[in-house]
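Peer 1: fold the following, please.
(one chain, ligands or ions: 1)
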Amino acid sequence: MNLELKNLINSGIEGLTPYEPGKPIEDLEREYGIKDAVKLASNENPLGPSPKVLEALKRILSGVHRYPDGNGFRLKEALSSKHSVDLNNLTLGNGSNDIIEFVARCFLSSESNAVFSKHAFAVYPLIVKSLGAEGIEVPAKDWGHDLQAMLEAINKETKIVFIANPNNPTGTFIEKNEIIRFLEKTPSQVIVLLDQAYFDYSNYEKEDVFFDLVGSFPNLIMSRTFSKVYGLAGLRVGFSVSSKPLADYLNRVRQPFNVNSLALEAAEIALADEKHLEKCLKLNKEEKEKLYRFFVSNEYEYIESFANFISFDCRGKSNKVFKSLLPKGVITRSMAVYKMPNHLRVTIGLPEENVIFRESLSSLRES
Ligand SMILES: *Cc1c(COP(=O)(O)O)cnc(C)c1O
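Peer 2: The predicted structure is shown next:
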């Protein structure tokens, strides 16, 4: 049988390359026959989740033969009271990637386009293209979003503007007043997805925008995740806050049980442990400053970051540096897909992991 998939496939999908995640620790250890490798590639929380989550997971496991609560009522209640938002404004996702997909599927088609910044999250162009829509990439300003240029890029066919704040992979941050000014100037028929995956990190150092904004902007969707500072990347859970009519549409394209039962309960417990959150944020900031000092004294240029990672300039040798760090057991992230071929991104790990990273990087310069 001669099956020409090429002729069948949706045209937007033909030209896609799958999202390439950070190299898994298991792969590295197998390939190089080493142990105790340090993964600093995917912006995970090195301290892991709240110990209370780990305790509770054993209990929750005994219930996995049941379907999860398809509405995630208890997690929504916890989010609602913590963030002072109405239950009807919330949408839960299997990671916030799920939310990004709902938004795209609700609003994009082959007749429309979406605007995003160069060097922003790699998933935006992927999802836009997969739906046959046009992606409009706006040049960055100082590695971050150029909001004025993004406003100017909006045209009659624009349905969505994606903004990651702080941005991944650059860690850049847009000030609160600039976000508000941007929202005021954006045509109301354009949906703005404000991706706040790293909100807690930025809010630890800066005043960031909060969910009350959706009361003023019915076209605004704000998404957050439990994958980063809450340490639940492997369980997959995120959420968005938006106007009720918008949340209603997002929930129509959601799979019936998109968030699994372990993730629902773990997120609820993680949300309540503010002490653990504080500990993670404090460690991240201290370690970030040590890394900054290292980059300065070793003459690496870096981009100031308001998240749990730093992108640094390897002076044209990023591929070589990336590969030379691997046999030393250190996994960083290549920025080639982000169109930053000179940079590597390093996630801020535990103090001892960061020491290994710094020593490995120094030893490359000496050799
Ligand atoms: C990590 C990340 C996400 C979240 O991913 P999920 O694990 O699916 O919640 C979303 N946006 C950005 C910019 C990220 O870096």
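
Peer 1: list the contacts of the residue lying closest to Ala140 once chain neighbours are set aside.
Peer 2: Spatial nearest neighbour of Ala140, chain neighbours left out: Lys118 (4.6 Å); criterion: C-beta to C-beta, 6 or more residues apart in numbering. All C-beta spots, glycine's among them, are computed from the backbone N, C-alpha and C. Shown here is Lys118, whose contacts under the criterion C-beta atoms under 8 Å, 6 or more residues apart in numbering are 137-140, 339.

Peer 1: who wins on neighbours among those residues?
Peer 2: Counting neighbours by other C-beta atoms under 10 Å, the top entry in the contacts of Lys118 is Val138, with 21 neighbours.

Peer 1: distance of it from the ligand?
Peer 2: 16 Å (C-beta to the nearest ligand atom, to the nearest Å).

Peer 1: ok, that residue touching Phe116?
Peer 2: Yes: between Val138 and Phe116 a contact is recorded at 7.1 Å, counting by C-beta atoms under 8 Å.

Peer 1: shared neighbours of the two, anything?
Peer 2: Contacts common to Val138 and Phe116, judged by C-beta under 8 Å, 6+ apart, are absent.

Peer 1: closest to the ligand among the contacts of Lys118?
Peer 2: For the contacts of Lys118, the minimum distance to the ligand (C-beta to the nearest ligand atom) is 14.5 Å, reached by Ala140.

Peer 1: got a list of what that closest one touches?
Peer 2: With C-beta under 8 Å, 6+ apart, Ala140 has these contacts: 117-119, 146, 170.

Peer 1: tally of neighbours for the residue in the chain positioned nearest to the ligand?
Peer 2: Residue nearest to the ligand within the chain (C-beta to the nearest ligand atom): Gly95, separated by 2.6 Å. For Gly95, the count of nearby residues is 22 (other C-beta under 10 Å).

Peer 1: and what of Glu304?
Peer 2: Per other C-beta under 10 Å, the neighbour tally for Glu304 reads 15.

Peer 1: near the ligand, which residues of the stretch 1-150 of the chain are found?
Peer 2: Proximity of the stretch 1-150 of the chain to the ligand (C-beta under 6 Å from any ligand atom) is limited to residues 43, 95-97, 121.

Peer 1: ok, and the most crowded of those residues?
Peer 2: Busiest of these [other C-beta under 10 Å] is Ser96, holding 26 neighbours.

Peer 1: what about the strands in the stretch 251-367 of the chain?
Peer 2: All strands of the stretch 251-367 of the chain, identified by DSSP state E, counting those that start in this stretch, fall at 309-313, 330-331, 333-334, 343-347.

Peer 1: what of the stretch 1-150 of the chain?
Peer 2: 38-39, 90-93, 113-117, 134-138.

Peer 1: mind putting those strands into CSV with distance to Leu283 and mean pLDDT?
Peer 2: Output for those, formatted as CSV (distance: least, C-beta to C-beta, whole Å; pLDDT from 0 to 100):
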stretch, distance to Leu283, mean pLDDT
strand 38-39, 16, 94
strand 90-93, 27, 98
strand 113-117, 29, 98
strand 134-138, 34, 98
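
Peer 1: backbone dihedrals for the residue nearest to Ser216 when sequence neighbours are not counted, both of them.
Peer 2: Excluding its sequence neighbours, the residue lying closest to Ser216 (C-beta to C-beta, 6+ apart) is Leu183, at 7.7 Å. Leu183 adopts backbone torsions of phi -60, psi -40, taken as degrees, to the nearest 10.

Peer 1: residues of stretch 27-38 that come out buried?
Peer 2: 28, 37-38 (16 or more other C-beta atoms under 10 Å).

Peer 1: mind naming the longest helix for the protein?
Peer 2: helix 274-297 (DSSP state H).

Peer 1: which residue is nearest the middle of the protein?
Peer 2: Residue closest to the mean C-alpha point of the chain, counted by C-alpha atoms, centre = their mean, is Ala197 at 4.7 Å.
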